[in-house]
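Chemist: Sequence below, structure please.
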Amino acid sequence: MAQPHRTEDEFVVNSIIGEGAEFTGEFRLSGLIRIDGIFKGLIVTDGKVLVGKSGVVDTDIRAKVVVAGGEVRGNIYATERVTLLSSCRLTGDIVTPRLIIEEGVVFQGSCTINPRT
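Modeler: All right, here's what the predicted structure looks like:
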């Protein structure tokens with residue numbers, strides 16, 4: 001059965017990796033995951049990934065929307081949008097139809113703006 005179309009505001013926080021917590025592995029979910037701790041592995045969601053200011057991720061991220069404020073080492077594939085907040089440090093590539101980068105971001109990698117991501 002097809003999932004109903006969700007707006008960004010309808011993403012429910014399904015999972016939180018809190019500050020001081022560490023997780024290694026593959027994380028697949030429907031909805032939103034917030035990472036304020038350390039994550040190593042793979043994240044796949046049809047929703048949103050939020051990396052908080054204290055978050056450190058060593059992973060590839062596949063999501064609809066990614067908002068990063070912490071440290072990301074890996075590639076980001078977003079079908080709707082990527083937002084890099086001023087506190088973000090990203091080492092990796094981005095493929096997305098829309099990219100927003102605040103002043104102060106440290107980004108080492110390449111970006112492909114692809115409307116068919």
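
Chemist: Doesn't residue 34 belong to a helix?
Modeler: No: applying DSSP: H, G, I helix; E, B strand; the rest coil, one finds residue 34 to be strand, outside a helix.

Chemist: just checking, it touches residue 21?
Modeler: No: if you go by CB atoms under 8 Å, residue 34 and residue 21 don't touch, sitting 11.3 Å apart. For the C-beta atoms, the positions are set from N, CA and C on the backbone; glycine is no exception.

Chemist: Those two - which one has more neighbours?
Modeler: residue 34 (18 against 12; other CB atoms under 10 Å).

Chemist: give me every residue that touches residue 96.
Modeler: 66, 76-82, 111-114, 117 (CB atoms under 8 Å, 6 or more residues apart in numbering).

Chemist: Report the separation between it and residue 84.
Modeler: For residue 96, the distance to residue 84 equals 11 Å [CB to CB, to the nearest Å].

Chemist: cool, residue 106 as well?
Modeler: Residue 106 is 9 Å from residue 84, by CB to CB.
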